[in-house]
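**Q** pasting a predicted model and its sequence here:
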Amino acid sequence: MRVLGIETSCDETGVAIFDAGEGLLAHALHSQVELHAAYGGVVPELASRDHVRKVLPLIRQLLADAGIQAASLDGLAYTSGPGLVGALLVGASVGRSLAWSWGIPAVAVHHMEGHLLAPMLEHEAPPFPFIAMLVSGGHTQLVEVEGIGRYQLLGDSLDDAAGEAFDKTAKLLGLPYPGGPELARLAEQGDASRYRFPRPMTDRPGLDFSFSGLKTFALNTMQDADKQEGGTASRQTRADIARAFEEAVVDTLSIKCRRAVRQSGIKTLVMAGGVSANRRLRLRIDEMMSKEGGAAYYPRSEFCTDNGAMIAYAGCQRLLAGEAEALRFSVQPRWSMEDLAIRA
Ligand code: KG4
Ligand code: ZN
């Protein structure tokens, strides 16, 4: 089973070919960072138009570079949600049409299932069952994973997702979009002991998250520092605030992961989604899991953020399990992961 995957849910056009026997054969990505940078965030209409421009040339180039004929493909997978509706429609309509013209089945993939299964592309894949911590720009979720399509949501974000909190805090620190990695870079020069930020919702039971308060805390800290430093806080002060913010997010995520591991008795943890590229977060999670006598698994850095490989992999597993789709498509800007049982 050889599957072409297409990802267009947000600001990245990703395509890849996964083969059940041979593994990942090829992948390519076009990032829209430069396109949205001037606006300080993703502009949905510009995202859709850019996907329209890039997706077919990128697929053509992927096949040519890998020396793979379209005739050797057995299936096609595209992201059909959650995400920006216009952006999703590009991947869905192009994917469905290509599958029809090539006479192969197509399958709709949940973007977060893609993230969750991304560590399966690594040499050392996590064994089922595992606890997955999904940390992206739109989601912060803890999921108990028994197998493909068998997901139980244990915890969710009540307001801003972890990545969103990184991006918004980065913006108020004066950092360019995309803020998460920029904030992490600035935090490297920060002093962790100068400020202490709260660890939201860790003082009560439960596995839900709330990160919007941290952004407000950062804003207040920044305004106080501006005043104290005669109008504009120094770069060092901003680095100290970035470090304290990062420390609070990392600590909060680690506490909640430990709680999920202890409650479930499952000692395998998977962390995926854009924020899982964060170096300090990985170090903390590794440390915590080794203390718990378990192990943590991550995708390689380039597959933490959006990509086509994770969609090709998830789609391949669903096609192998017998899932098939009629000759129509729809996209779901909002979509619960608990609604993912295989539909054969
Ligand atoms: O998974 P992803 O590429 O897209 C969504 O599905 O949302 O995640 C993007 C998010 C952004 O909020 C970005 O700032 C964040 O992941 N991110 C990071 C890092 N790299 C990406 N946040 C913190 N530290 C990083 N190194
Ligand atoms: Zn994503």
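**A** Ah, there it is. Numbering: from 1, shown residues only. Ligands and ions are numbered 1, 2, ... in the order given.

**Q** OK, now which residue of the stretch 1-150 of the chain is nearest to ligand 2?
**A** Across the stretch 1-150 of the chain, the shortest distance to ligand 2 (CB to the ion) belongs to S136, at 4.4 Å. To be clear about C-beta, it is placed using only N, CA and C from the backbone, and glycine gets the same treatment.

**Q** try the stretch 201-344 of the chain
**A** Using CB to the ion, the single residue of the stretch 201-344 of the chain nearest to ligand 2 is D306, 4.4 Å away.

**Q** gap between that residue and N278?
**A** 16 Å (CB to CB, to the nearest Å).

**Q** this protein: helices as residue ranges?
**A** 33-37, 44-66, 85-102, 111-117, 162-172, 179-187, 212-228, 235-264, 279-291, 309-320 (DSSP state H).

**Q** can you give me phi and psi for the residue of the stretch 1-150 of the chain closest to ligand 2?
**A** phi -130, psi -170 (degrees, to the nearest 10).

**Q** R150 and A321: what is the separation?
**A** Per CB to CB, R150 is found 11 Å from A321.

**Q** up against ligand 2, what does the stretch 101-250 of the chain have?
**A** S136 (CB under 5 Å from the ion).

**Q** name the spans of the stretch 101-250 of the chain whose pLDDT lies under the cut-off.
**A** For the stretch 101-250 of the chain, not a single residue meets the criterion pLDDT under 70.

**Q** and the residue of it closest to ligand 1?
**A** At 2.1 Å from ligand 1, G180 is the closest residue in the stretch 101-250 of the chain, using CB to the nearest ligand atom.

**Q** thought T169 was touching that residue, still the case?
**A** No. Checked against CB atoms under 8 Å, the pair G180 and T169 is beyond contact range at 9.2 Å.

**Q** thinking again about what came up before, wait, doesn't the residue of the stretch 1-150 of the chain closest to ligand 2 sit right on G163?
**A** Yes. Applying CB under 8 Å as the test, S136 and G163 come out as touching, 5.2 Å apart.

**Q** returning to what we had before: mind listing what the residue of the stretch 1-150 of the chain closest to ligand 2 touches?
**A** Listed by CB atoms under 8 Å, 6 or more residues apart in numbering, the contact partners of S136 are M112, H115, A161, A162, G163, G273, G274, V275.

**Q** against W100, how distant is the residue nearest to the last one when sequence neighbours are not counted?
**A** Using CB to CB, 6 or more residues apart in numbering and skipping the chain neighbours, the partner closest in space to V275 is V135 (3.7 Å). According to CB to CB, V135 and W100 sit 36 Å apart.

**Q** next: C316.
**A** 19 Å.

**Q** now M337
**A** M337 is 28 Å from W100, by CB to CB.

**Q** neighbour count winner among the two?
**A** M337 (22 against 13; other CB atoms under 10 Å).

**Q** these two touch, right, the more buried one and L153?
**A** Yes. Applying CB under 8 Å, one finds M337 in contact with L153, separated by 6.2 Å.

**Q** mutual contacts of those two, please.
**A** Common neighbours of M337 and L153 (CB under 8 Å, 6+ apart) are Q141, V143.

**Q** so what's the residue count around the residue nearest to M1 when sequence neighbours are not counted?
**A** Using CB to CB, 6+ apart and skipping the chain neighbours, the partner closest in space to M1 is A20 (4.3 Å). For A20, the count of nearby residues is 14 (other CB under 10 Å).

**Q** and A20, how far is that from ligand 1?
**A** Noted for A20: a distance of 25 Å to ligand 1, by CB to the nearest ligand atom, to the nearest Å.

**Q** that residue and G315, how far apart?
**A** Here the criterion is CB to CB. By it, A20 lies 11 Å from G315.

**Q** ditto for M289
**A** 29 Å.

**Q** more neighbours: which of these two?
**A** Using other CB under 10 Å as the criterion, M289 and G315 rank with G315 on top: 30 against 21.

**Q** and the pLDDT at the more buried one?
**A** Looking at G315, its pLDDT is 98.

**Q** before we move on, what about A324?
**A** For A324, pLDDT reads 79.

**Q** surely it is in contact with A344?
**A** Yes. Using CB under 8 Å, A324 is in contact with A344, at 7.1 Å.
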